[in-house]
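Engineer: coordinates only, sequence not included:
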């Protein structure tokens with residue numbers, strides 16, 4: 001996911017994509033709530049994505065804000 005004004009995150013995401021590894025980023029919040037973003041699209045495993053998501057959410061025990069649009073954006077990097 002590309003973020004304007006965040007070149008370090010964008011570079012890290014590109015590195016994860018090149019290495020075919022998950023991209024894990026912690027966004028520190030101003031209100032005391034932080035957001036952990038786990039981008040699995042660099043793994044190129046769309047067939048098991050939902051199972052991995054379910055396993056991660058079950059292990060951590062917190063709700064997810066998974067968006068199917070984000071998954072599809074990650075898979076369309078061949079253009």
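Structural biologist: Everything's here; your move. All values derive from a computational prediction rather than experimental measurement.
Engineer: Which of the helices and strands in this structure ranks last by mean pLDDT?
Structural biologist: None of the helices or strands of the chain scores lower by mean pLDDT, DSSP states H and E than helix 68-75, at a mean of 49.
Engineer: Name the spans of the chain whose pLDDT lies under the cut-off.
Structural biologist: Applying pLDDT under 70 to the chain picks out residues 1-5, 62-79.
Engineer: how about residue 36, what does it touch?
Structural biologist: Residues in contact with residue 36 (Cβ atoms under 8 Å, 6 or more residues apart in numbering) are 24, 25, 26, 27. From N, CA and C alone the C-beta is placed, and that goes for glycine too.
Engineer: Confirm that it sits in a helix.
Structural biologist: No. Per DSSP: H, G, I helix; E, B strand; the rest coil, residue 36 lies outside any helix segment and is strand.
Engineer: Who is it paired with across the strands?
Structural biologist: residue 26 (DSSP bridges).
Engineer: Can you give me the distance of it to residue 6?
Structural biologist: 16 Å (Cβ to Cβ, to the nearest Å).
Engineer: How about residue 33?
Structural biologist: Remark: distance between residue 33 and residue 6 (Cβ to Cβ) = 19 Å.
Engineer: Show me which of those two is the more surrounded one.
Structural biologist: Using other Cβ atoms under 10 Å, the more surrounded residue of residue 33 and residue 6 is residue 6, with 14 against 8.
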